[in-house]
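In: Give me the fold of what follows.
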Amino acid sequence: MNSLQAGIQALGWAGQGAYFGRSVLQWLASEKAGRSIVPGSFWSISVVGALLMLAYASLRRDPVIVLGQVVNLGIYLRNWHLERSATPRRLGVRSLRMILWGMAITLMIAMGLSLGMDHSPWLLVGWLGQFIFLTRFPLQWWEAERRGRAELPLRFWQVSLAGSVLLLAYALWRHDVVISVSQGFGLLTYGRNLALHQRQAEGRTS
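Out: Numbering: from 1, shown residues only. You can find the predicted model right below:
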């Protein structure tokens, strides 16, 4: 491994370190509360992790991960704003239009990066996994805008688990240790949060 590759991988590990840290904080806070909750620092750490992972995926020319990180970054920033604002306001039409344009441009860049890749069926698995994975934050975003606060509903964890399985398979095909470790750990946290949601639902019905 040359110095450039080592530097790229270091970016990836730093980004995953941030994601790992937020997941541990969320996990511990949820265990303490006995239900799935989101601590305030979750979103600020998420922003740092997304920026690092966007740089990593761009340098690796991985369109699937680039698209995911850009979309996630926008949603993390919105949740960070909702968390910090005493009187959160709904997004205006102009702001929403800018976000949609940004996503469209990112999608075109990602598709351009994919032109030079081996068009294996595993690439389709990656795109499908990323599509499923990305729907979890629009679901969460919708709930956050509706309620005026950032939280993670049950469907967020269900969709996360499904998308993570496919992205793990894609990352193994790409021989991407950083993403493989990330998705493997993600499966544990998503499963545990689903269990906590189930316990909370059983507590309400008993």
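
In: shaky segments in this protein?
Out: When residues are selected by pLDDT under 70, those of the chain lie in 1, 85-119, 143-144, 147-151, 202-206.

In: residue closest to the middle of it?
Out: Asn72 (5.4 Å; Cα atoms, centre = their mean).

In: That one reaches Phe137, doesn't it?
Out: Yes - look at Asn72 against Phe137 with Cβ atoms under 8 Å: they come within range, at 6.2 Å. For every residue, glycine as well, the C-beta is placed using N, CA and C.

In: From Ser23, how far out is the closest residue to the residue nearest to the centre of the chain other than its chain neighbours?
Out: In this structure, Asn72 finds its nearest non-sequential neighbour in Ala50, 5.1 Å apart by Cβ to Cβ, 6 or more residues apart in numbering. Counting by Cβ to Cβ, to the nearest Å, the gap from Ala50 to Ser23 is 14 Å.

In: all helices in this protein, in order from the N-terminus.
Out: 3-33, 41-59, 63-84, 93-114, 121-147, 154-173, 177-205 (DSSP state H).

In: centre of the chain versus the third one, how much separation?
Out: By that I understand helix 63-84. Offset of helix 63-84 from its chain centre (Cα atoms, centre = their mean, to the nearest Å): 7 Å.

In: counting contacts, what elements does that helix pack onto?
Out: Applying 3 or more Cβ pairs under 8 Å, 6 or more residues apart in numbering; DSSP states H and E, one finds that helix 63-84 contacts helix 41-59, helix 93-114, helix 121-147.

In: likewise the shortest one?
Out: When contacts are defined as 3+ Cβ pairs under 8 Å, 6+ apart, helix 41-59 sits against helix 3-33, helix 63-84.

In: So what's the gap between the first one and the chain middle?
Out: Mean C-alpha position of helix 3-33 versus that of the full chain (Cα atoms, centre = their mean) differs by 12 Å.

In: Tell me the buried residues in it?
Out: 8-9, 11-16, 18-23, 25-27, 29-30 (16 or more other Cβ atoms under 10 Å).

In: Tell me what angle that helix forms with helix 177-205.
Out: 10 degrees (axes from the mean of the first three to the mean of the last three Cα atoms, to 10 degrees).

In: Any figure for the gap between Leu167 and Gly184?
Out: Taken as Cβ to Cβ, the span from Leu167 to Gly184 is 10 Å.

In: Give me the more crowded residue out of the two.
Out: Leu167 (26 against 13; other Cβ atoms under 10 Å).

In: Now for the closest residue to that one other than its chain neighbours: which residues touch it?
Out: Leaving aside its sequence neighbours, Leu167 sits nearest to Gly129 (Cβ to Cβ, 6+ apart; 4.0 Å). Neighbouring residues of Gly129 by Cβ atoms under 8 Å, 6 or more residues apart in numbering: 64, 163-167, 169-170.

In: As TSV, the residues you listed with distance to Arg155 would be great.
Out: Formatted as TSV, the contacts of Gly129 follow (distance: Cβ to Cβ, whole Å):
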residue	distance to Arg155
Val64	22
Gly163	12
Ser164	14
Val165	16
Leu166	17
Leu167	18
Ala169	22
Tyr170	22
